[in-house]
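S.K.: got a predicted structure plus its sequence, pasted below:
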Amino acid sequence: LYLVLSLGATKDMGKMLGGDEEKDPDAAKKEEERQEALRQEEEERKAKYAKMEAEREVMRQGIRDKYGIKKKEEKEAEAQAALEANAEGSLTRPKKAIPPGCGDEEEEEEESILDTVIKYLPGPLQDMFKK
């Protein structure tokens, strides 16, 4: 009895103490199979939830049809279409952010702030800054 325990115990003790573990020749193959099984489970889970969501959407659409409720996207699209339809012949059409011709072309001569300040100084001070 002592002999059997000592052989098994020393083998495990060696692993615990940081000894070389036995290398499983099929470890890579097992890990690959495990990863593939996880991927397959994930795909099945996604398919299950996609199916459940599709069933819920059918139920939601039935409720929308029954009570005349519209989706948020449909409401926004209708509001935008109504706004555009009203604005076509209206005198109060939406204004553009920048009227055409404003700020498009560069000014021929750009005055610096210093030049502007000098312009408003009395004559003798202007002469001092110009020199």
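M.R.: Right, received. Where do you want to start?
S.K.: what's the following helix or strand after the host helix or strand of E36?
M.R.: E36 is located in helix 27-67, with elements delineated by DSSP states H and E. Using DSSP H and E, the helix or strand that follows helix 27-67 in sequence is helix 72-88.
S.K.: I'd like the average pLDDT over that following helix.
M.R.: Taken as a whole, helix 72-88 carries a mean pLDDT of 80.
S.K.: report the buried residues of the helix or strand just after that helix.
M.R.: Using DSSP H and E, the next helix or strand after helix 72-88 towards the C-terminus is helix 113-119. Residues of helix 113-119 classed as buried: I118 (neighbour count, 16 or more other Cβ atoms under 10 Å). No exception for glycine: its C-beta is placed from N, CA and C like everyone else's.
S.K.: helix 113-119 - contacts with which helices or strands?
M.R.: Judged by 3 or more Cβ pairs under 8 Å, 6 or more residues apart in numbering; DSSP states H and E, helix 113-119 is in contact with helix 123-130.
S.K.: list the contacts of the helix it packs on.
M.R.: Defining contact as Cβ atoms under 8 Å, 6 or more residues apart in numbering, one finds that helix 123-130 is touched by L114, I118, K119, L121.
S.K.: name the nearest residue to the third one, sequence neighbours excluded.
M.R.: Leaving aside its sequence neighbours, K119 sits nearest to Q126 (Cβ to Cβ, 6 or more residues apart in numbering; 7.7 Å).
S.K.: what does the model give the one you found for pLDDT?
M.R.: Per-residue confidence (pLDDT) for Q126: 71.
S.K.: below-threshold pLDDT in this structure: ranges please.
M.R.: Low-confidence segments of the chain, defined by pLDDT under 70: 1-24, 86-111, 129-131.
S.K.: can you count the residues close to the residue nearest to K119?
M.R.: 12 (other Cβ atoms under 10 Å).
S.K.: quick one: it from I113, how far?
M.R.: 15 Å (Cβ to Cβ, to the nearest Å).
S.K.: for A47, same thing?
M.R.: With the distance defined as Cβ to Cβ, A47 ends up 67 Å from I113.
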